[in-house]
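In: next one to model:
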Amino acid sequence: MAPDGPRPEEHPSNESGRASVEARVEAELTELARYAHRVPRGLFFAALVLIGVLLTFISVVLHIAPWWASAGVCALLLALLAAAIWQAHDVWARRLALTTISVLTLFLVVSVCYLVHALFHRNESAVALFRDALLLWVTNIFVFAVWYWEIDRGGPLKRHRGTPDRADLLFPQMMADVAGWQDWHPTFIDYLYLAFNTNTAFSPTDTAVLSRRMKVLMMTQSVISLAVVSVIAGRAINIG
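Out: Presented below is the predicted three-dimensional model:
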C-alpha cells in the first residue's frame, strides 16, 4: 500500500473565518449578558413566588399532589430560575421561566378541575368553597400576566434590547400619536392589567391581540376564570 501523502495545510483564510465567527459569537453572548442584567425581572419573579404561595394555601383536596411536594417543586424551579437570572444566562433563564410557568399553570388547571368537581360531589362549606375559588381566581390573573410578559414579542430581553420579534399584542400607547408616548414600552404592570381585564371582562378590552398563540392563551384564561365564577354562582344558588 502506498504511504499516505502529506496532508494539505489548512488555508489561512479558513482559520481567520473561524476566528471571526467565534469572535462574533463571543461578542453576542457578552452583549446578551450585559442586557440580561438590565432586564427588570423583579415584579415577574415576585409574581411567580406569589403564585406558588397562593396555590399552597388552597384546600388540600384541590392539590394535584401533597402540598409539600407541590411547594418543593415550585421552590426548586424558582431557585434554578433565580440562579440563571443572577448569572445572566438568558437562554437558561427563558427556558426555566417557561418551564416554571407551565408547571404552575398545570397546578392551576388541575385545582380548578377539582374545584368544579367539589361543587357537585363534595359537601364543602360555602366559606371554604368561596375562599378556594377566590384564591384560584386571583392566581389565574398572575399566571397569565407572567405568560403574557414572557411571550410577547419574543420575551423581555428582546424587547429590552430593542430587537423584538413580531408583536403579539398591540397596546393603545403604541398606536397613539400623542406627545410623550412615542418611546413607550410595556412593563410587567401593563401585562398584569391586561390579565386582570381578561379575567374580569373575558376580553383584552383596549389591547389588540394579534398572534394566534396569544389568542389561545387569552381564551384559556377566560375559560378558567369563567369556570371559577360559575362555581361561585352555583354555590350561591345551592347547586350540588
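
In: what about this structure, any weak spots by pLDDT?
Out: 1-38, 122-124, 236-240 (pLDDT under 70).

In: and the gap between the spatially most central residue of it and D132?
Out: By CA atoms, centre = their mean, the chain has its centre lying nearest to W147, at 2.9 Å. Distance, W147 to D132, by CB to CB, to the nearest Å: 22 Å. Placement of C-beta: from N, CA and C, glycine included.

In: also N140?
Out: Taken as CB to CB, the span from N140 to D132 is 13 Å.

In: these two touch, right, I51 and L104?
Out: Yes: contact status for I51 versus L104: in contact at 5.1 Å, counting by CB atoms under 8 Å.

In: what does T187 show for phi and psi?
Out: When quoted as degrees, to the nearest 10, the phi and psi of T187 stand at phi -110, psi -180.

In: just the strands in the protein please.
Out: With DSSP state E, the ranges of strands along the chain come out as 169-170, 208-209.

In: so which of the ones you listed is nearest L119?
Out: The closest of the strands of the chain to L119 is strand 208-209. By CB to CB, the value is 30.7 Å.

In: which residues sit against that closest one?
Out: With contacts defined as CB atoms under 8 Å, 6 or more residues apart in numbering, strand 208-209 is touched by D168, L169, L170, K215, M218.

In: one more time with 6 Å, if that's ok
Out: Strand 208-209 has contacts (CB atoms under 6 Å, 6 or more residues apart in numbering) with L170, K215.

In: each with direction, which strands does that strand pair with?
Out: Sheet pairing of strand 208-209 (DSSP bridges) gives strand 169-170 (antiparallel).

In: tell me, how many residues neighbour the residue nearest to E150 when sequence neighbours are not counted?
Out: Closest residue in space to E150, ignoring its immediate chain neighbours: A97 at 5.5 Å, by CB to CB, 6 or more residues apart in numbering. Using other CB atoms under 10 Å, A97 has 23 other residues around it.

In: where's A97 relative to W184, distance?
Out: Relative to W184, A97 is positioned 24 Å away (CB to CB).

In: and what of V91?
Out: Distance of V91 to W184, given as CB to CB: 28 Å.

In: ok, T105 - contacts?
Out: V143.

In: my error: substitute R41 in the last question.
Out: Taking CB under 6 Å, 6+ apart, we find R41 in contact with I85.

In: again, but for V116
Out: A227, V231.

In: go on, R212?
Out: Residues near R212 by CB under 6 Å, 6+ apart: none.

In: how far away is it from I151?
Out: 12 Å.

In: do S230 as well
Out: Where I151 is concerned, S230 sits at a distance of 27 Å (CB to CB).

In: those two: which is more packed in?
Out: Shown here are S230 and I151; by other CB under 10 Å, I151 has more neighbours (19 against 15).

In: in contact with the more buried one, which residues?
Out: Per CB under 6 Å, 6+ apart, neighbours of I151: none.

In: that one and I58, how far apart?
Out: According to CB to CB, I151 and I58 sit 26 Å apart.
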